[in-house]
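A.B. asks: sequence first, predicted coordinates after that:
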Amino acid sequence: MGEPSAEVVAADEVVPPLTAVAVSGDLPPPWVEAALQVGDSVVLAVGRSGPRADPPRRWSRPGSTPPACSLRGLAEGLQAAPAWPVVEPSLSPPLSPEQAARAAARLEAHLRAAGGAISRERTWTRDAGGGAVDVAARYTVDRAAWDALLASYAEAAAFRTIRVGLLFPTVAARLPGDGELVVVGVDDGERSARPGDVVLAVGGQPVRTVAQFAASADQAWRQQRAVAVEVASNGLPVTLTFGHREAKAAAPVSLPQRPLSSPR
């Protein structure tokens with residue numbers, strides 16, 4: 001297998017310049033055939049093809065970009081999680097370039113918080129004939145960090161009639177404004193909040209993690225006669241007010257995650 005030097009894909013560059021690659025005639029390695037593989041490390045494979053003289057800024061099979069490949073794999077593991085009803089609609093239609101960049105930046109920030117990063121491990125190239133070249137790159141993510149990130153997206157906190165989770169990058173990319181938490185579910189009869197509302201503060205205290213939301217909601221519930229939860233609904237500020245008529249308390253809850261597996 002041809003192994004070009006590390007300069008083929010610069011650290012700050014997602015798309016390798018086809019004019020700079022050293023071309024090999026080898027068949028694609030096994031890792032090129034699957035966009036996401038899971039083992040001791042999570043392996044992401046991305047590729048592109050085009051003429052050497054005028055490289056298109058377009059990716060093709062097996063993936064698109066490392067962050068996009070990661071988001072698809074993470075979303076697959078959330079199908080049994082409380083966030084799935086909010087995550088699923090965000091997966092299509094495809095994100096615009098600007099939205100994709102926002103989603104990638106959020107994913108990378110969340111991955112760093114989980115103690116990991118996407119690292120390029122290997123590059124493969126092949127002469128596609130007719131002056132064209134195929135390029136693929138293999139990226140890896142530490143499995144422990146990946147699992148921690150998946151668990152953070154699967155976690156939710158229940159307070160009164162709403163359930164709140166970490167804002168998944170493809171959801172955040174489609175919403176105006178900023179925030180880290182989102183309403184992932186509401187009880188029957190709840191008319192003020194709806195799934196997709198971005199949670200900003202509880203009892204006047206900003207919240208950016210599920211644990212912060214649960215702790216702030218519990219503290220406010222103990223100290224105040226009514227608890228105000230500030231959200232952004234379609235970009236507009238809305239205050240949800242919860243009084244003491246109900247008898248529920250804030251508590252973190254997690255649903256089982258779908259086991260990770262290699263694509264069929």
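C.D. replies: Arrived safely, thanks for sending.
A.B. asks: and stretch 233-242, how far out from the chain's middle?
C.D. replies: Chain-centre distance of stretch 233-242: 24 Å, with Cα atoms, centre = their mean, to the nearest Å.
A.B. asks: repeat for stretch 138-151
C.D. replies: Using Cα atoms, centre = their mean, the offset of stretch 138-151 from its chain centre is 12 Å.
A.B. asks: show me the strands in the stretch 101-250 of the chain, by range?
C.D. replies: 119-129, 132-142, 155-159, 162-166, 181-186, 198-202, 205-206, 226-233, 236-243 (DSSP state E, counting those that start in this stretch).
A.B. asks: and these, which is most packed in?
C.D. replies: Highest mean neighbour count of the strands of the stretch 101-250 of the chain: strand 162-166, a mean of 26 (counted as mean count of other Cβ atoms under 10 Å). In short, each C-beta sits where N, CA and C put it, glycine included.
A.B. asks: using PDB, write out every CA atom in the helix of greatest length in the chain.
C.D. replies: Ranked by residue count and defined by DSSP state H, the top helix of the chain is helix 97-113. The C-alpha coordinates for helix 97-113 follow below in PDB (Å, rounded to 0.1, in the frame of the first residue of the first chain):
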ATOM      1  CA  PRO A  97     -21.700  24.300   4.100                       C
ATOM      2  CA  GLU A  98     -22.100  26.900   6.800                       C
ATOM      3  CA  GLN A  99     -24.300  24.600   8.900                       C
ATOM      4  CA  ALA A 100     -21.800  21.700   8.400                       C
ATOM      5  CA  ALA A 101     -19.000  24.000   9.700                       C
ATOM      6  CA  ARG A 102     -21.000  24.900  12.800                       C
ATOM      7  CA  ALA A 103     -21.800  21.300  13.400                       C
ATOM      8  CA  ALA A 104     -18.100  20.300  13.000                       C
ATOM      9  CA  ALA A 105     -16.900  23.000  15.400                       C
ATOM     10  CA  ARG A 106     -19.500  21.900  18.100                       C
ATOM     11  CA  LEU A 107     -18.600  18.200  17.700                       C
ATOM     12  CA  GLU A 108     -14.900  18.900  18.100                       C
ATOM     13  CA  ALA A 109     -15.500  21.000  21.200                       C
ATOM     14  CA  HIS A 110     -17.600  18.300  22.700                       C
ATOM     15  CA  LEU A 111     -15.000  15.700  21.800                       C
ATOM     16  CA  ARG A 112     -12.300  17.700  23.500                       C
ATOM     17  CA  ALA A 113     -14.400  18.000  26.600                       C
END
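A.B. asks: check which residues of it are buried.
C.D. replies: Neighbour-count burial for helix 97-113, counted by 16 or more other Cβ atoms under 10 Å, picks out 99, 100, 102, 103, 104, 106, 107, 108, 110, 111.
A.B. asks: quick check: residue 230 vs residue 104, distance?
C.D. replies: From residue 230 across to residue 104, the span is 28 Å (Cβ to Cβ, to the nearest Å).
A.B. asks: likewise residue 157?
C.D. replies: 26 Å.
A.B. asks: now do residue 213
C.D. replies: Taking Cβ to Cβ, one finds residue 213 at 25 Å from residue 104.
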